[in-house]
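Trainee: Just need the structure, nothing else, for what follows:
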Amino acid sequence: MNETDELIELCVRALSMQMCSAPGAELHMTRRCILALTDEISADHNRLILGADADVAGFLVRSGARARERDRPLVALMTPAVAEALTPLATQLGLSGVGAAPLMVLRPDVAVQPTRTIKVVRALGPELVGVAGDLIAAAFDEPRDVIARCIEVSITPTSGVETYVAWDEDSPVCTVSLTLTGDTAGVTLMAPPPERQGQGMGRALLTHVIDDYRRRGVARFHLGATEAGRPLYASLGFDLVAGLPAWVLDRAGPVVASGAPDMR
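Mentor: Numbers count the residues shown, from 1 in each chain. You can find the predicted model right below:
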């Protein structure tokens, strides 16, 4: 198995942990594919990941049909090989290419040291979970009630999603979440608020968390970056594994042909 396929499997598991508690959550999964729909009318909260599955074309068709049935937009990520094979079908189904998401990995042999002393607290309990939600809403310019419904609900002691908040004196300045699978952790929702961006708070939090997790036996870290965030992660030693072609399915568009297998 190549590294891209392996990381896609981990991304599928991580997305299921992150989205399964959202209102109206509906998950369809194979080893390397996942469709995750919610009640939110936002593509950011309706996701599709497509990896090297034996029936990946059928999974795409069924996912498009189910999103249409629920009147939901989608953000879809595909491995480069899958995108090359499925571009004509994706276009026929009404998906539009919107660039690529860097899939990056920090391997065990890359040393990372905390960049500064900083107070870091795991977000457990309503008050700290709410603080993390405030930071995420501000960083991603999302409605606060949507963050509460779709993200805060996954921040629990047993969900598999661990969220941390960094503090500068008495003020929360950044949050990040991790999902654990064996000795590998997925990094997501790195969220310094706009007024604290560019001040090294994200770097301080992430290096602290990586150091702590390595002490606990976690060997490798992976993430899906934005182009804006990629330089930070690269400077910490994350390598680019693949650029995952990204697609969007809008709510209005072609209807999937009848006869597509039912996913309900």
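Trainee: Leaving out the residues flanking it, which one is nearest to Trp167?
Mentor: If the residues on either side of it in the chain are set aside, Trp167 comes closest to Lys119, at 4.3 Å by C-beta to C-beta, 6 or more residues apart in numbering. C-betas here are computed from N, CA, C, even on glycine.
Trainee: In three-state terms, label Ser159 for me.
Mentor: Classification of Ser159 using DSSP: H, G, I helix; E, B strand; the rest coil returns coil.
Trainee: Let me know how buried it is, in neighbour terms.
Mentor: 15 (other C-beta atoms under 10 Å).
Trainee: Just list what the helix or strand Arg62 falls within packs against, helices and strands only.
Mentor: For Arg62, the host element (DSSP states H and E) is helix 56-69. Helix 56-69 sits against strand 26-29, strand 33-37, strand 47-50, strand 74-78, helix 80-92, with contacts defined as 3 or more C-beta pairs under 8 Å, 6 or more residues apart in numbering; DSSP states H and E.
Trainee: didn't the residue nearest to Trp167 look like it was pressed against Asp170?
Mentor: No - assessed by C-beta atoms under 8 Å, Lys119 is found out of contact with Asp170, at 9.6 Å.
Trainee: Looking at those two, which is more packed in?
Mentor: Neighbours per residue, other C-beta under 10 Å: of Lys119 and Asp170, the larger number sits with Lys119, 13 against 6.
Trainee: thinking again about what came up before, show me the contacts for the residue nearest to Trp167.
Mentor: Residues counted as contacts of Lys119 (C-beta atoms under 8 Å, 6 or more residues apart in numbering) are Ala166, Trp167, Asp168.
Trainee: pLDDT on the helix ranked longest in the chain, on average?
Mentor: For the chain, the longest helix by residue count, based on DSSP state H, is helix 3-19. Here helix 3-19 scores 95 as its mean pLDDT.
Trainee: which neighbours do Lys119 and Asp170 share?
Mentor: By C-beta under 8 Å, 6+ apart, no residue touches both Lys119 and Asp170.
Trainee: Name the nearest residue to Gly200, sequence neighbours excluded.
Mentor: Thr115 (6.6 Å).
Trainee: didn't the one you found look like it was pressed against Met201?
Mentor: No - judged on C-beta under 8 Å, Thr115 makes no contact with Met201 at a distance of 10.0 Å.
Trainee: So for those two, which residue has more residues nearby?
Mentor: Legend: neighbour count by other C-beta under 10 Å for Thr115 and Met201, higher for Met201 (22 against 14).
Trainee: where does the protein have low pLDDT?
Mentor: 252-264 (pLDDT under 70).
Trainee: per-domain residue ranges of it.
Mentor: The chain breaks down by automatic domain parsing into domains covering 3-102+243-249, 119-218.
Trainee: out of those, which comes closest to Leu232?
Mentor: With C-beta to C-beta as the criterion, Leu232 lies closest to domain 119-218 of the domains of the chain, at 6.3 Å.
Trainee: Can you measure across that closest one, start residue to end residue?
Mentor: End-to-end span of domain 119-218 (C-alpha to C-alpha, to the nearest Å): 21 Å.
Trainee: What of stretch 233-251?
Mentor: Stretch 233-251: ends 33 Å apart by C-alpha to C-alpha.
Trainee: tell me which residues in that stretch are buried?
Mentor: By 16 or more other C-beta atoms under 10 Å, the buried positions in stretch 233-251 come out as Tyr233, Leu236, Gly237, Phe238, Val241, Ala242, Leu244, Pro245, Ala246, Trp247, Leu249.
Trainee: Next: stretch 140-155.
Mentor: Glu142, Val146, Ile147, Ala148, Arg149, Cys150, Ile151, Glu152, Val153, Ser154, Ile155.
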